[in-house]
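> Sequence and predicted structure below; questions after.
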Amino acid sequence: MTDAPADLEGVLLELGIEVTHTDDDEVWAHCPEHLRYVGKEDHSASWSVNRVSGVFNCFSCQSQGRIVDLVTRMKFPHDVFAAARWMRGFGVDLVASADLALFEQPNVRMEQAEIMPETRLAMFPDPPGWALDSRKFSLEACQHYNVRWDSENEAWIIPVRYPDGALAGWQSKWAKQRRFVNHPKGISKSSCLFGYEVFPVGEPAVLLESPLDVLRLYTGGPVLHGCGGQQGADAAHPEHHRRDGGGTG
């Protein structure tokens with residue numbers, strides 16, 4: 001499992017970080033955050049990033065974190081989604097990432113990793129035009145609810161969020177076949193409501209059957225508002241979906 005880009009050296013080069021040496025496990029360089037933490041440049045190449053986990057650490061100033069965090073700070077301040085999308089060009093293996101590996105272990109309790117990093121969702125691109133046309137969705141609607149696209153499987157990526165907006169995971173819904181897969185496996189959606197984190201307080205809600213119906217409602221126009229729950233992979237329960245702009249009815 002890997003959480004680091006395949007072209008790790010390429011990422012560092014684009015960030016202006018000069019690699020001093022490498023081995024099978026680590027890529028070494030002068031710490032790019034030394035000046036920030038200790039007030040002077042790093043002259044001893046005390047910084048390294050792991051080729052598998054994508055975790056970096058400076059053994060001198062104690063700067064540490066994930067490579068996507070560093071990209072965000074250095075290239076896309078305050079926009080982790082932009083950083084994650086940029087990193088896709090360097091070969092980030094999202095589905096097989098280390099963050100998801102924990103959920104593949106049947107004996108691991110969900111409480112141990114119940115919140116998923118937003119960067120996992122951000123790695124997926126916007127839905128393509130043909131998929132939007134087939135469902136009569138607007139790109140604006142998908143971006144409003146942060147619905148993404150799995151290009152390899154041609155599947156909608158529907159976020160599953162807790163009431164406070166924290167990402168619990170997502171559901172993959174294949175565009176050309178009746179198939180659903182939850183990530184992580186065994187995720188509990190009973191306490192999650194699709195679109196709740198952007199629902200306009202005080203507005204009426206519309207009960208819909210599927211999260212994707214919310215996108216069509218939003219695409220329709222600025223009259224109604226929707227609110228809704230998450231659909232299971234093996235069952236179809238009604239869902240409330242909310243939208244700031246709502247359909248025309």
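Looks like it came in fine.

> quick one: the spatially most central residue of the chain and Trp47, what's the gap?
Geometric centre of the chain, nearest residue: Leu121, 1.6 Å, by Cα atoms, centre = their mean. Noted for Leu121: a distance of 28 Å to Trp47, by Cβ to Cβ, to the nearest Å. C-beta coordinates here come from the backbone N, C-alpha and C atoms, glycine included.

> so what secondary structure elements neighbour the helix or strand harbouring the residue nearest to the centre of the chain?
Element membership of Leu121, judged by DSSP states H and E, is helix 118-122. In terms of contacts (3 or more Cβ pairs under 8 Å, 6 or more residues apart in numbering; DSSP states H and E), helix 118-122 is packed against helix 80-88, strand 167-174.

> what does the average pLDDT come to for the longest one?
Read that as helix 80-88. Taken as a whole, helix 80-88 has an average pLDDT of 78.

> elements contacting that helix?
Counting by 3+ Cβ pairs under 8 Å, 6+ apart, the packing neighbours recorded for helix 80-88 are helix 67-75, helix 118-122.

> got a list of what Asn50 touches?
For Asn50, the contacting residues are 4, 25-26, 56, by Cβ atoms under 8 Å, 6 or more residues apart in numbering.

> Among the residues you listed, name the buried ones.
Neighbour-count burial (16 or more other Cβ atoms under 10 Å) applied to these gives 4, 26, 56.

> Can you name the residues bridging to the residue lying closest to the second one once chain neighbours are set aside?
Right, Glu26. If you skip the residues right next to it in sequence, Glu26 has Ser48 as its closest partner in space, 4.3 Å away by Cβ to Cβ, 6 or more residues apart in numbering. Residues found in beta-bridge contact with Ser48 (criterion: DSSP bridges) are Trp28, Asn57.

> looking at it, Ser48 is touching Gly54, isn't it?
No - applying Cβ atoms under 8 Å as the test, Ser48 and Gly54 come out as separate, 11.7 Å apart.

> Check what pLDDT Phe103 gets.
At Phe103, the pLDDT value in this model is 34.

> need the contact list for the nearest residue to Glu14 once chain neighbours are set aside.
In space, Glu14 comes closest to Lys75 once its chain neighbours are excluded; the distance is 7.7 Å by Cβ to Cβ, 6+ apart. With contacts defined as Cβ under 8 Å, 6+ apart, the neighbours of Lys75 are 14-15, 83, 86.

> Go through those and name the one nearest Asn146.
Nearest to Asn146 out of these is Ala83 (Cβ to Cβ; 15.7 Å).

> Burial check on that closest one, number of neighbours?
The tally of other residues near Ala83 (other Cβ atoms under 10 Å) stands at 22.

> In this model Val11 seems to touch Val71, though I could be wrong.
Yes - A contact is recorded between Val71 and Val11 when judged using Cβ under 8 Å, the distance being 6.9 Å.

> Would you mind telling me which of the two has more residues around it?
Applying other Cβ under 10 Å to Val71 and Val11 shows that Val11 carries more neighbours, namely 26 against 23.

> That one sits in which helix or strand?
Element membership of Val11, judged by DSSP H and E, is helix 8-14.

> elements contacting that helix?
Under the contact criterion of 3+ Cβ pairs under 8 Å, 6+ apart, helix 8-14 touches strand 19-22, strand 26-29, helix 67-75.
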